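Novice: For reference, the sequence and a predicted model appear below.
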Amino acid sequence: MSDTFQAMVIDMVDGKPQAAFRRLGQSDLPDHDVLVEVHYSNVNYKDGLALTGKGRIARRTPMVGGIDLAGVVVESRSEKWAPGNKVIVNGFGLSETEWGGYSRFQRLKPEWLMALPDTFSLTDAMAIGTAGYTAALCVNALEDWGTIGKDDREILVTGAAGGVGSVAISLLANKGYRVSASTGRRETHDYLASLGATGFIDRTSLSEKAGPLQQERWAGAIDSVGSTTLANVLAQTVYGGAVAACGLAAGADLPGTVLPHILRGVALLGIDSVMAPMPKRIRAWQTLATHLKTDTIGALARIERMSELPRLAEDILAGKIQGRVVVEVTP
């Protein structure tokens, strides 16, 4: 085991968060019960905000970035986990309040860990990551609400070419639903069609303020954009339908009215992936294992070295990343 190893660490510099590579030793890691050798992490929108300093994600510093990790247990003081176990962690405050996955080794609390599903490799798990796991939470929530699939109405996915959107389209299509994709990049249409999208809507048509009640179109929707887009999606959802909201790429505001909710019975389902209880997590990963095809995972993701993190963080905020980026942490 290396005496020191590389990590991406966020510090406060002149009152602003700044990320840089640093050599750490095991004595620098938190005193949690399970030591994991991290093989892979990934890049999410929140990681982009954290590493560029364009969002105050790290609530304390120094902070190791990376909200996801997949690796192998090296040491454990917990009866639940043993050396050699392959594990994944999504959320639980990683890169916000707890040190995250951009480090070759990390010490973690046993209750954060989940066994790697047999269906997936460590690389697969990080190609899916928090984005895919969140998409599965959204799909499960819409199905639990019980209105999608009762007629031939479409389900809308906004931010379609991103990580959440890509996996959501694939899951919904593989379950037999009709899926429309909202995107601002026409060059992604072939990619989204390969995942199962059968209709496309330009994101600008949803980003402009419109009436509080619009023509009913969507049986349900998964939204990772927020702001005016979410308000318009709610206004276009059919009577009794539901929208699963899990992101705020366009903003945290919601400039709409209560009319879709009190006149059409439209539900807004909030999806939290960070602190979701373990039974929901396990069910989401079971949904992924059953309905996300392995060839789709390959089409979704590319692997980059950890040294590329500064560029990748800028790219994801600029909307230049299609699908998922897996980060190879081990040298």
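Specialist: Received the coordinates, thanks.
Novice: Tell me if Leu192 really is in a strand.
Specialist: No. Going by DSSP: H, G, I helix; E, B strand; the rest coil, the assignment for Leu192 is helix, not a strand.
Novice: That one against Ile169, yeah?
Specialist: Yes. Leu192 is in contact with Ile169 according to C-beta atoms under 8 Å; the separation is 6.2 Å. (Each C-beta comes from the backbone N, C-alpha and C, glycine too.)
Novice: Just want to know which of these two has more residues nearby.
Specialist: For the pair Leu192 and Ile169, the greater number of neighbours falls to Ile169 (29 against 26), based on other C-beta atoms under 10 Å.
Novice: what's the next secondary structure element after the helix or strand harbouring the more buried one?
Specialist: With elements taken from DSSP states H and E, the one containing Ile169 is helix 163-174. Going down the chain from helix 163-174, the next helix or strand is strand 179-183, by DSSP H and E.
Novice: Where do the helices of the stretch 51-200 of the chain begin and end?
Specialist: Taking DSSP state H, counting those that start in this stretch, the helices of the stretch 51-200 of the chain run over residues 122-145, 163-174, 189-195.
Novice: now the helix holding Ile169: mean pLDDT?
Specialist: Averaged across helix 163-174, pLDDT comes to 95.
Novice: what residues are shared contacts of Leu192 and Ile169?
Specialist: With contacts taken as C-beta atoms under 8 Å, 6 or more residues apart in numbering, Leu192 and Ile169 have Ala160, Ala181 as neighbours in common.
Novice: Nearest residue to the middle of the chain?
Specialist: For the chain, the residue nearest the mean C-alpha position is Ala131 (1.8 Å; C-alpha atoms, centre = their mean).
Novice: I figured that one hits Val326, correct?
Specialist: No. In this structure, Ala131 sits apart from Val326 without contact. The criterion is C-beta under 8 Å, and the distance is 11.4 Å.
Novice: so what's in contact with those two at the same time?
Specialist: The contact sets of Ala131 and Val326 overlap at Asn42 (C-beta under 8 Å, 6+ apart).
Novice: Show me what the lowest-mean-pLDDT helix or strand in the chain is in contact with.
Specialist: Sorting the helices and strands of the chain by mean pLDDT, DSSP states H and E puts helix 294-300 at the bottom, at a mean of 83. Outside of helix 294-300, the residues that reach it under the criterion C-beta under 8 Å, 6+ apart are 119-120, 124, 127-128, 132, 163, 166-167, 170, 191, 194-195, 323-324.
Novice: Pull the most distant pair out of these.
Specialist: For the contacts of helix 294-300, with distances taken as C-beta to C-beta, the pair at the greatest spread is Thr119 and Tyr191 (23.2 Å).
Novice: who touches the closest residue to Gly165 other than its chain neighbours in this structure?
Specialist: Closest residue in space to Gly165, ignoring its immediate chain neighbours: Gly159 at 4.6 Å, by C-beta to C-beta, 6 or more residues apart in numbering. When the contact criterion is C-beta under 8 Å, 6+ apart, the partners of Gly159 are Gly165, Ser182, Thr183, Asp223, Ser224, Val225, Gly247, Ala249.
Novice: Name the nearest of these relative to Ser103.
Specialist: Relative to Ser103, and with distances defined as C-beta to C-beta, the nearest of the contacts of Gly159 is Gly247, at 25.7 Å.
Novice: The closest one: what's its closest spatial neighbour, skipping adjacent residues?
Specialist: Ser224 (3.2 Å).
Novice: What about that neighbour, how many residues nearby?
Specialist: By the measure other C-beta under 10 Å, the count of residues near Ser224 is 28.
Novice: try Met12
Specialist: 14.
Novice: Check whether Leu213 really touches Leu259, as I assumed.
Specialist: Yes. Judged on C-beta under 8 Å, Leu213 makes contact with Leu259 at a distance of 5.3 Å.
Novice: Common neighbours of those two, please.
Specialist: Contact criterion C-beta under 8 Å, 6+ apart; residues shared by Leu213 and Leu259: Ala235.
Novice: Report the contact partners of the closest residue to Gly211 other than its chain neighbours.
Specialist: The shortest distance from Gly211 to any residue other than its chain neighbours is 6.5 Å, reached at Ala235 (C-beta to C-beta, 6+ apart). Going by C-beta under 8 Å, 6+ apart, Ala235 touches Ala210, Gly211, Pro212, Leu213, Gln214, Gly256, Leu259, Pro260.
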